[in-house]
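Asker: Next one to model:
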Amino acid sequence: MQGIDHFLDEGFIRPTLDWHALAPELTFLAVGAILTLIDVIWLEKGRKYMPALAGIGLLITLVPILTLAIDGNERVLWDGAFVVDEFALVMKALFLISGYVVVLLSANYIAEGDYWENEYYGLFAASLMGMVLMASARDLVTIFIALELLSLPIYMMASWRKRSLESNEAGMKYFLMGVFASAVVLYGMSLLYGVSGSTKLEDIGAAVGAMDGSIPIVTLGVVFVIVGFAFKVSAVPFHVWAPDTYQGAPTPVTAFLAVASKTAGFVALIQLILVGFYDRSDVYAPLLWVLAIASMTIGNLIALRQTNIVRMFAYSGVAQAGYMLAALAVVGTSPEVGQQALSAVVTYLIIYAAMNLGAFAVIHAVARKTRSGEISSYGGLFTYAPGLAVAMVIFLFSLTGIPPLGGWYAKLVVVQATVSDGTWFGYSLAIAVAVNSVIAAFYYANIARLMFMSEAPDGDTTPIRVPFALTAALTITVIATVVTGVLPGLVGTLAEANLIAFGG
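Answerer: Below you'll find the predicted structure:
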């Protein structure tokens, strides 16, 4: 105690902590600790309890998020390194709800005896913790810690089927590309720190915004950071890991990668661009324009040629990332356009999570019977699993952008954001979104045609038994996809989230 008193007498002051602001992270940290403790104490005996405990833990963590939302106060900790605002709360809730659906997808792996050790849920919780932390990160160090925390567990989860060469290949490719991307991000961050003398995004925004003309070191720093996170969102040409990783990883992990991990990448990009270097649109806008156009076009064209449904959805995810990057490309036009673009991206992320998780739930359910990921295996699905076929059509048509499903509203707000730019720059992005939506309709419609108009392979029409957890995941995602399309005002209200220090 004397040492502590001496420390305080010398002028050092304990930082004041806002425990309510930290409640979601601390609650989820406790959940992860409980999962780890059960694994250590009960070993294999605790396996059957892990999915339920993980799911309950995620729902409990939503409680402090709701109380923070009801309170309505924006909270800033550690001199701006950690912020709890409307944007952060919406993203935290999206991560946790998406994680809950992934737990439902994972549950029957345990129940049916696949060799998935209890550590899976510990790794899953650690990765999700990184995503929740990313939503409040407003500092380069905090962002990088969150990035590594969410990435490292997924490298191991992607290769969880240890006896599968495809799964081992998936984990290795994702790890190697992920390490390279992290190095690129870290180098870009070091350049921005060198220019601004601070790791806080608000200070970096003020420093780089005050510089006149093109500064090579600033340009290089911004480009490196965006390129590094372009890997996380699987934007072209940094998408090469996605098809093999999606195909080789267990289906619940693929769903987690396709939705939660991609969302975390976009959350980081939003904060870096809108807070860190908003005034340098001369640097990031052209880069995002190229990434958006390339991702939309190349993703959709390659998806047309795929025969494996998981690889098709990997390239579809590349194209979907392009649509969201199109909205981000115009944020620097004005604060009003920037707020509209931010709302468009948040809207798209919410609806994308519902329809994409739902599609992977159907893929998982069908693969339980067919043991195949080939698109041809979906022939005649309506004859022996009409519920799954109808659900898949809902998700496919939503991804296409057909009303009254959620996808139409997601694409509409992106187009509105791009045309609000009022220049050829924004109009070209809007045209690209529209044209690529038509291209995507061909490969989505092909699956629907097979399910309803073709015969089942080998004439096997044995009904598919869908476990309760998987049924619950399908129910949640179908309802969310339909409701967001029929009542778009609900998701629109959530998407109108303020971001503290928007514009530097």
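
Asker: N436 contacts M296, correct?
Answerer: Yes. N436 lies in contact with M296 (C-beta atoms under 8 Å); the separation is 4.2 Å. Every residue, glycine included, has its C-beta placed from N, CA and C.

Asker: in the stretch 1-150 of the chain, which ranges drop under the pLDDT threshold?
Answerer: Within the stretch 1-150 of the chain, the stretches with pLDDT under 70 are 1-15, 43, 46, 109-118.

Asker: Any idea which residue is closest to the centre of the chain?
Answerer: In the chain, the centroid-proximal residue (C-alpha atoms, centre = their mean) is T263; its distance is 2.1 Å.

Asker: tell me the contacts of S234?
Answerer: Taking C-beta atoms under 8 Å, 6 or more residues apart in numbering, we find S234 in contact with W241, A242, K262, A314, G317, V318, A321.

Asker: Quick check: neighbours shared by N436 and M296?
Answerer: Residues touching both N436 and M296 (C-beta under 8 Å, 6+ apart): A319, G322, Y323.

Asker: measure the last one to L150 for me?
Answerer: Between Y323 and L150 the distance, using C-beta to C-beta, to the nearest Å, works out to 23 Å.

Asker: which of those two has more neighbours?
Answerer: Y323 (28 against 25; other C-beta atoms under 10 Å).

Asker: Correct me if wrong: the more buried one contacts M296.
Answerer: Yes. Proximity of Y323 to M296 meets the contact threshold set by C-beta under 8 Å, at 6.4 Å.

Asker: Overlap in contacts, these two.
Answerer: Common contacts of Y323 and M296, defined by C-beta under 8 Å, 6+ apart, comprise V433, N436.

Asker: Can you tell me the closest non-neighbouring residue to L396?
Answerer: Spatial nearest neighbour of L396, chain neighbours left out: Y444 (4.3 Å); criterion: C-beta to C-beta, 6 or more residues apart in numbering.

Asker: Pretty sure that neighbour sits against F397.
Answerer: Yes. Counting by C-beta under 8 Å, Y444 touches F397, with 7.2 Å between them.

Asker: give me the element S372 is part of.
Answerer: For S372, there is no host helix or strand (DSSP states H and E).

Asker: if I look at it, how far off is S454?
Answerer: 15 Å.

Asker: Out of the contacts of S234, name the ones that lie in helices.
Answerer: Using DSSP state H, the subset of these located in helices is A242, K262, A314, G317, V318, A321.

Asker: List just the nearest of those residues to L123.
Answerer: For the ones in helices among the contacts of S234, the residue nearest L123 by C-beta to C-beta is K262; the value is 18.3 Å.

Asker: how about the closest residue to that closest one other than its chain neighbours, what does it touch?
Answerer: Excluding its sequence neighbours, the residue lying closest to K262 (C-beta to C-beta, 6+ apart) is V233, at 5.3 Å. By C-beta under 8 Å, 6+ apart, the contact set of V233 is K262, G265, F266, L269, A321, M324, L325.

Asker: change it to 6 Å
Answerer: Contacts for V233 (C-beta atoms under 6 Å, 6 or more residues apart in numbering) come out as K262, G265, F266, A321.

Asker: L399 too?
Answerer: Contacts of L399 by C-beta under 6 Å, 6+ apart are M355, G407, Y444.

Asker: Can you pick out the ones from those residues that are in strands?
Answerer: Among these, no member falls in strands (criterion: DSSP state E).

Asker: Residue ranges in this structure under the pLDDT threshold?
Answerer: For the chain, the stretches flagged by pLDDT under 70 are 1-15, 43, 46, 109-118, 213, 501, 503-504.

Asker: hey, which helix is longest across it?
Answerer: For the chain, the helix with the greatest residue count under DSSP H is helix 335-370.

Asker: Now stretch 29-45 - C-alpha only, CSV.
Answerer: Provided in CSV are the C-alpha atoms of stretch 29-45 (Å, rounded to 0.1, in the frame of the first residue of the first chain):
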residue,chain,number,x,y,z
LEU,A,29,-15.2,-11.3,-21.2
ALA,A,30,-16.9,-13.1,-18.3
VAL,A,31,-18.8,-15.3,-20.7
GLY,A,32,-15.6,-16.3,-22.4
ALA,A,33,-13.9,-17.0,-19.1
ILE,A,34,-16.9,-19.3,-18.0
LEU,A,35,-16.7,-21.2,-21.3
THR,A,36,-13.0,-21.7,-20.8
LEU,A,37,-13.4,-22.8,-17.2
ILE,A,38,-16.1,-25.3,-18.1
ASP,A,39,-13.8,-26.7,-20.7
VAL,A,40,-10.9,-27.1,-18.3
ILE,A,41,-13.0,-28.6,-15.5
TRP,A,42,-15.5,-30.8,-17.2
LEU,A,43,-13.5,-31.6,-20.4
GLU,A,44,-15.7,-33.7,-22.7
LYS,A,45,-18.5,-33.9,-20.2
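
Asker: So which bits of that stretch are buried?
Answerer: L29, V31, G32, L35, T36, I38, D39 (16 or more other C-beta atoms under 10 Å).

Asker: okay, now G188: neighbour count?
Answerer: For G188, the count of nearby residues is 22 (other C-beta under 10 Å).

Asker: how about it, what does it touch?
Answerer: Contacts of G188 (C-beta under 6 Å, 6+ apart): G221, F224, V225.

Asker: Next, count neighbours for I431.
Answerer: Neighbour number of I431 under other C-beta under 10 Å is 15.

Asker: returning to that earlier point: skipping its backbone neighbours, what lies nearest the residue nearest to the centre of the chain in space?
Answerer: Nearest to T263 is L349, by C-beta to C-beta, 6+ apart, at 5.2 Å.

Asker: got the contact list for stretch 237-254?
Answerer: 102, 105-106, 157-158, 160-161, 166-167, 169-170, 173-174, 177, 230-231, 234, 310-311, 314, 318, 364.

Asker: If we go by neighbour counts, what in it is buried?
Answerer: Quick answer for stretch 237-254 (16+ other C-beta under 10 Å): 238-239, 241-254.

Asker: quick one: the strands in the protein?
Answerer: Under DSSP E, the chain gives strands at 75-77, 82-84.

Asker: would you list those strands in a markdown table and tack on mean neighbour count and distance to V331?
Answerer: Shown next, in a markdown table, are the strands of the chain (neighbours: other C-beta atoms under 10 Å; distance: least, C-beta to C-beta, whole Å):
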| stretch | mean neighbour count | distance to V331 |
| --- | --- | --- |
| strand 75-77 | 17 | 22 |
| strand 82-84 | 24 | 18 |
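
Asker: Switch the ones you listed over to CSV; also include distance to L474.
Answerer: Formatted as CSV, the strands of the chain follow (distance: least, C-beta to C-beta, whole Å):
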stretch, distance to L474
strand 75-77, 37
strand 82-84, 33
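
Asker: is it true that V330 touches T423?
Answerer: No. Counting by C-beta atoms under 6 Å, T423 is not a contact partner of V330; they are 8.7 Å apart.

Asker: Between the two, which is the more surrounded one?
Answerer: With neighbours defined as other C-beta under 10 Å, V330 and T423 compare such that V330 has more, 29 against 10.

Asker: what's the spacing between the residue nearest to the more buried one when sequence neighbours are not counted and A285?
Answerer: Once flanking residues are discounted, V330 sits nearest to D421: 4.2 Å by C-beta to C-beta, 6+ apart. Look at D421 and A285: by C-beta to C-beta, they are 9 Å apart.
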